[in-house]
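**Student:** structure for the following, please:
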Amino acid sequence: MSTRLYNPSICLEHLTPPGHPERPDRLRALNSALEGDEFYRLDRAEAPMGEEEAILYVHPESYAERIRTAIPREIDEEERESGHPQRLTRVDSDTVVSPKSWKAALAAIGASNAAVDTVFAGEADNVFVAVRPPGHHAERDRAMGFCLFNNAAIAARHAQRRHGAERVAIIDWDVHHGNGTQDIFQSDPTVLYCSTHQMPLYPGTGAKDETGVGNIVNAPLSPGTGSREFREAFTSRVLPALDDFRPDLIIISAGFDAHHRDPLAELNLDEGDFDWATGKLMDRAERFSANRLVSILEGGYDLQGLSQSAAAHITRLMKG
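**Tutor:** Numbers count the residues shown, from 1 in each chain. Below is the predicted model:
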C-alpha cells in the first residue's frame, strides 16, 4: 500500500494554556514516533493551505466570522521583550484560540481536503493527516471540545463537491462521541457516520437510539471496557453498516484517547486494537472504495499512548 502523510508545521503554533490536554506536544510526540526506519517509505508531502470557502461546506459564514474575530492579535516586539505571555482567547469553556489558530485551522482543513484529492487522484491509497486543532466536536455553528471547524465533515463534503462521491462514510473511534459530525450529517443519507465511544462521557451524546435518517450508527461502550467489547461493537454494528452503505470514500476520525493510558477517559484499548480496526476498514476500502481511505487525527492526550497508537495505525495503513 502507498501511504501519504500530511503534517503542516503551522499546527504546532495553535497554542493553549499550560496544562491544557490539547497541546502542541501531541504532534511533536507523534512526529518523533514516525522517525524510525520502518517509516522510510511514508510519503511525506506538503499540503496547500485550506480555502476559507471550504469552511462554508458545513459551517455558516456567520459562525466562521465569529471564530475569525475571536483570534487575538500577536504580541509585539516590545511586549515580547518584556516577557508578556502570548495572548489566548476562550471561545468555549475548554476551547482556546491563539494568534496563529486561524492559520492552523485552515491548514488542518487544507491538509484534510488535500488527502481527499490525493486518494481520488490515485497518488496514494490512503493518507494520514496529522493536524490540530481537532474537529469532530465542532457542530454546525458551535465550537466546543477543543474543536473549531469540523475537518472530517468538510473533507466529506469536499469529496462530494470536487470528486462526485455519492456516499462517504466517516468512522469515528475517538473515545468521545463526535457530536459535531452527527449534528452536521444527521439528516443527510449520503453520509454514514459510525462512532464507538465511551458513554457516559463528554459531550453526553451518542446513544444507540440516535440514528438520524438511518445514517447514524452509535456503539457506546461502558467505562472500563476494553478490546473484546470494542471489537465486538465494531464487528456487530460498524462493519455491517459499512457493508450495507458501500461508500465511495472512508474517512476515519482517528482519536487515540480510548487507549488505556489516556487521562481523559476510561476505556482500555491498546495499540493492537487500533491496528485491528484499521485493517478492518482497509478491507472495506478495498472492497468498496478502490482503497480510498483518509485518516484525520482527533484526540489522544497521553503522549506515549497517542504516539504508539498512531504509529501502529500508520504502520497498518502502509502494510495493507
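
**Student:** the lowest-mean-pLDDT helix or strand in the chain packs against which elements?
**Tutor:** One helix or strand of the chain scores below all others by mean pLDDT, DSSP states H and E: helix 77-81, with a mean of 73. With contacts defined as 3 or more CB pairs under 8 Å, 6 or more residues apart in numbering; DSSP states H and E, helix 77-81 has no helix or strand neighbours. No exception for glycine: its C-beta is placed from N, CA and C like everyone else's.

**Student:** list the buried ones in the helix or strand that that helix is followed by?
**Tutor:** Downstream of helix 77-81, the next assigned helix or strand under DSSP states H and E is strand 89-92. Buried residues in strand 89-92, counted by 16 or more other CB atoms under 10 Å: Val91, Asp92.

**Student:** and stretch 223-233, by the same measure?
**Tutor:** So stretch 223-233, judged by 16+ other CB under 10 Å, has buried residues Thr225, Glu229, Phe230, Arg231, Ala233.

**Student:** ok now it, how far from the chain's centre?
**Tutor:** For stretch 223-233, the separation from the chain centroid amounts to 21 Å (computed by CA atoms, centre = their mean, to the nearest Å).

**Student:** just the CA trace of it, in CSV.
**Tutor:** What follows is stretch 223-233, C-alpha atoms only, in CSV (Å, rounded to 0.1, in the frame of the first residue of the first chain):
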residue,chain,number,x,y,z
PRO,A,223,-16.3,2.8,31.3
GLY,A,224,-13.7,0.2,32.0
THR,A,225,-14.3,-2.0,28.9
GLY,A,226,-11.6,-3.0,26.6
SER,A,227,-10.6,-4.8,23.5
ARG,A,228,-13.2,-7.5,23.4
GLU,A,229,-16.2,-5.1,23.8
PHE,A,230,-14.7,-2.6,21.3
ARG,A,231,-14.0,-5.3,18.7
GLU,A,232,-17.5,-6.8,19.2
ALA,A,233,-19.1,-3.4,18.7
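
**Student:** of the buried residues of stretch 223-233, which belong to helices?
**Tutor:** Among the buried residues of stretch 223-233, the members falling in helices (DSSP state H) are Glu229, Phe230, Arg231, Ala233.

**Student:** what is the nearest of these to Ala265?
**Tutor:** Nearest to Ala265 among those: Phe230, at 12.4 Å, using CB to CB.

**Student:** output the ones in helices among the buried residues of stretch 223-233 in TSV, with pLDDT and distance to Arg23 appended to each entry.
**Tutor:** Below are those laid out as TSV (pLDDT from 0 to 100; distance: CB to CB, whole Å):
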residue	pLDDT	distance to Arg23
Glu229	98	30
Phe230	98	26
Arg231	98	31
Ala233	98	30
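
**Student:** rewinding a little: which pair of the buried residues of stretch 223-233 spans the longest distance?
**Tutor:** So, the buried residues of stretch 223-233 by CB to CB: farthest apart are Thr225 and Arg231, at 10.7 Å.

**Student:** pull the number of nearby residues for the residue nearest to His136 when sequence neighbours are not counted.
**Tutor:** Once flanking residues are discounted, His136 sits nearest to Gly178: 3.5 Å by CB to CB, 6 or more residues apart in numbering. Other residues near Gly178 come to 35 when the count uses other CB atoms under 10 Å.
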